[in-house]
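Trainee: Provided below for reference: sequence and predicted model.
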Amino acid sequence: MPVKVSVVIPVYNPGKYIDPCIDSLLRQTLPAGEFEVLFVNDGSTDDTRERLEKLAGEHPHFRVITIPNSGWPGKPRNIGVDEAKGEYVQFVDQDDYLASGALQRLYDMGHRNGSDIVIGKVASNFRGVPHGVFKKNREKCTLHDAPLYDSLTPHKMFRTEFLRENGIAYPEGKRRLEDQLYMMQAYFPAKVVSILGNYTCYYYSRRDDGQNAGSAKIIPSGYYGNLREVLDVVVDNTEPGEFRDMLLRRFYRVEMLGRLSEPAVLKYDPEYLDEMCDAVQGLATDFMDDGVHDGLGPVLRLRSTLLRNNDRQGLVRISRFAASVKAAARLEGFAWRPDGRIDLTISGRLVHGEDQKPLTLLRRDGRYFLHPDITEGLLPDGELLDVTDDMAGFSAELSLRNRETAVEWSCPASFTARVEELGDDVCEVVLHGSGQIGSEAVKGRGRVSRGFWDVWVPLRGLGLVRKARLGADRAPEVDAACLPASLGSPARAVIPYFTDPHGNITLDVARRAKKLAEYLEGRPLQRSPGGSELRLDLFTTDGTGTSPTTLVLSPADGAGGSSHQLRTTLRPTDGRAHLTVPDRAPGVPAGTWKLAVRLDGDKNPPFHLCDVTVAKNGRITLPASLPPIDAGIMLGITSRRRKAKLRRALRAVGGPIVRRLPAKSRKRARRLAARFTG
């Protein structure tokens, strides 16, 4: 069969850190006959060669190419592309791994669009991820209409002939920013780029020995000499104007001013700070004109001004201030929706300092300025930093992030920025809004995986981006509204809880650690009037599957003695979980018994419901003290069940007859039945 994908992996003395990578390649859903794996062994000095050759002997689609040590990934990647037999090439690093469906999904997207580059959603537990790139799937885009410049790592899928025809290759030998150079050389000629944003394909993993690529301290002269090559590519492929300025601004913001910002610059000794500033200033003079400078956010614009003025201590002072700026978010409201999502009402602001004071602005003559307390000593006396044109840049988002895998999903949210007066022409910007989080499948992604999902609120303003956990500051009524839930089909436990000691809200999905019984304790239990149906304060939706479960009868006096088990079903009913207590418990001695239900599996304690009485004939009587289910709710439940029973009867009796009728008569019969059954 033709090879669809060649996976190219540079390898050098990986030790145990290559194990997740290998495991992920063996679990790919793309058939082994349709992809190959090329381990390019860069002269490893441990047992890597022997281990990989043994692996290749066991798996015919694995190949090992050993070369003399080149000291850097560039040459191994180039050799991998030269040797590739696949229609596409996927780069993977030795200490990272792929999701099981990554190759299949990326190839399918690339093949149907004729893509030159396919970018899969990534997750990382130690490095920044450009989440804005992955907010949605993009079947076809280019550098001109998508923020591709924010994703400059090479761990993507490339059409092999595209790389060869355009002579796109890595610089070989030890150097910096080779990924940025490679990707910018690839993005400009790419006619079609596709982005798979609804499936996490690639996982960056922090090594516990701290030896991830790119972790070494940079040498400024070499680093910025290499960056000059990247900027030359941008200039050679663009005309003067907004597009060029936008691309140059990205490198000015990240690789240049970013290296002169917190937290890094606060750790530089004076000599190293001078080296960095000297190297950055040379590039800034040659490439970053007023068009680039003026498009920066206010704080970055201030940094740029300080760099232009050669105020190196000013750069340290503004970084010290910016390091104290945090996002603060308040959870104003929490409510389960009928579709199984959670409505959150939120307010947020930027604060600074140990006492978390609001980040304030000064209003003068209808203009807004960064408060002079912040810019004191950084600007000429009496000069203020005008931020009026940047006020529209205040925004907030909402996201769910898996604490263990670092997978992050953007959630729908809408915020409005309001200027709130603090007196004496001083004001602050507060963001008010709402959004929805959820564990179940929505447009753009499937169900989230089992685990702890933390809620984050990223805030943007004045050129700063800060993220806040949500929940520590919350309205008093929120706690009571945080019901545990049983959602989806098959049903899974979804438990919103507040972390200890910080009090931030997290969703425990599928009993990662929390148990339903613990979070139902103290919540109301109701019974149907005169019946044996119990309504738990466990949120559900109409789409939640029914769950067979077990009732447990234990001696009420706490003395020893055997317990008895009865089968029942947990089913969604009008937004809560209902269960029916059987009329009788055969073989159970008469007396008072504790009734509990297993909600967390057989290995965990059951949740106590109430004490019941068992008669000599086994009949179970629920206590009259249990509060009844609301009459309105019960009326609706009874009506819906009656109609459902009628529908079943009509289908059983009338179905065979209706199916033999002519088409028009069948439609009339079904409309008539619908009038009676709703």
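Mentor: Yes, it's here.
Trainee: drop to CA atoms for contacts and neighbour counts, all remaining ones
Mentor: Will do.
Trainee: I figured Thr375 was touching Leu384, is that so?
Mentor: Yes: between Thr375 and Leu384 there is a contact at 7.5 Å, judged by C-alpha atoms under 8 Å.
Trainee: what's the longest helix in the chain?
Mentor: Criterion DSSP state H: the longest helix present in the chain is helix 631-658.
Trainee: just how off-centre is that helix within its chain?
Mentor: 42 Å (C-alpha atoms, centre = their mean, to the nearest Å).
Trainee: Show me what it is packed up against.
Mentor: helix 663-677 (3 or more C-alpha pairs under 8 Å, 6 or more residues apart in numbering; DSSP states H and E).
Trainee: and if we set it to 6 Å?
Mentor: On a contact count with 3 or more C-alpha pairs under 6 Å, 6 or more residues apart in numbering; DSSP states H and E, helix 631-658 meets no helix or strand.
Trainee: Now it: average pLDDT?
Mentor: Helix 631-658 comes out with an average pLDDT of 76.
Trainee: Leu599 versus Ala491, what's the distance?
Mentor: According to C-alpha to C-alpha, to the nearest Å, Ala491 and Leu599 sit 11 Å apart.
Trainee: mind listing what Arg63 touches?
Mentor: By C-alpha atoms under 6 Å, 6 or more residues apart in numbering, the contact list for Arg63 reads Leu38, Ala56.
Trainee: Could you shift the numbering so residue one becomes 44, and keep it that way?
Mentor: Got it, the first residue is 44 from now on, which makes the last one we talked about Arg106.
Trainee: hang on, it in a helix?
Mentor: No: Arg106 is assigned strand when assessed by DSSP: H, G, I helix; E, B strand; the rest coil, not a helix.
Trainee: Bridged to it, which residues?
Mentor: For Arg106, the beta-bridge partners are Leu81 (DSSP bridges).
Trainee: Tell me which residue lies nearest the centroid of the protein.
Mentor: What sits nearest the mean C-alpha location of the chain, by C-alpha atoms, centre = their mean, is Glu451, with 1.0 Å.
Trainee: Convert stretch 275-292 to CSV, retaining C-alpha atoms only.
Mentor: What follows is stretch 275-292, C-alpha atoms only, in CSV (Å, rounded to 0.1, in the frame of the first residue of the first chain):
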residue,chain,number,x,y,z
ASP,A,275,15.2,38.7,6.6
VAL,A,276,12.8,36.0,5.4
VAL,A,277,9.8,38.1,6.5
VAL,A,278,11.2,41.2,4.8
ASP,A,279,12.1,39.3,1.6
ASN,A,280,8.6,37.9,1.3
THR,A,281,6.5,41.0,2.1
GLU,A,282,6.0,44.6,1.0
PRO,A,283,6.2,47.5,3.4
GLY,A,284,2.9,47.9,5.2
GLU,A,285,0.5,46.5,7.7
PHE,A,286,1.1,42.8,6.9
ARG,A,287,4.8,43.1,7.2
ASP,A,288,4.5,45.2,10.4
MET,A,289,2.2,42.5,11.9
LEU,A,290,4.7,39.7,11.3
LEU,A,291,7.7,41.7,12.5
ARG,A,292,5.7,42.8,15.6
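Trainee: Now His475: which helix or strand?
Mentor: Here His475 sits within strand 469-480, counting by DSSP states H and E.
Trainee: Which neighbours in the sheet does that strand have, and how are they oriented?
Mentor: Partners of strand 469-480 in its sheet, by DSSP bridges: strand 385-395 (antiparallel), strand 404-407 (antiparallel), strand 456-466 (antiparallel).
Trainee: Please name the residues that touch Pro567.
Mentor: Going by C-alpha under 6 Å, 6+ apart, the list of residues near Pro567 is empty.
Trainee: hang on, the earlier thing: please name the bridge partners of the residue nearest to the centre of the chain.
Mentor: Residues in beta-bridge contact with Glu451 (DSSP bridges): Arg444.
Trainee: my read: it touches Arg444, true?
Mentor: Yes: Glu451 is in contact with Arg444 according to C-alpha atoms under 6 Å; the separation is 4.2 Å.
Trainee: what comes up buried for stretch 630-641?
Mentor: Val631, Thr635, Trp636, Lys637, Leu638, Ala639, Val640, Arg641 (16 or more other C-alpha atoms under 10 Å).
Trainee: can you list those in TSV and add secondary structure and pLDDT?
Mentor: Below are these laid out as TSV (DSSP: H, G, I helix; E, B strand; the rest coil; pLDDT from 0 to 100):
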residue	secondary structure	pLDDT
Val631	coil	94
Thr635	strand	94
Trp636	strand	95
Lys637	strand	96
Leu638	strand	97
Ala639	strand	97
Val640	strand	97
Arg641	coil	97
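Trainee: Looking at these, spot the one nearest Gly163.
Mentor: Set against Gly163, the nearest of the buried residues of stretch 630-641 by C-alpha to C-alpha is Arg641 (41.0 Å).
Trainee: about what we covered before: can you tell me what sits against the strand holding His475?
Mentor: By C-alpha under 6 Å, 6+ apart, the residues outside strand 469-480 that reach it are 384-392, 403-405, 454-464.
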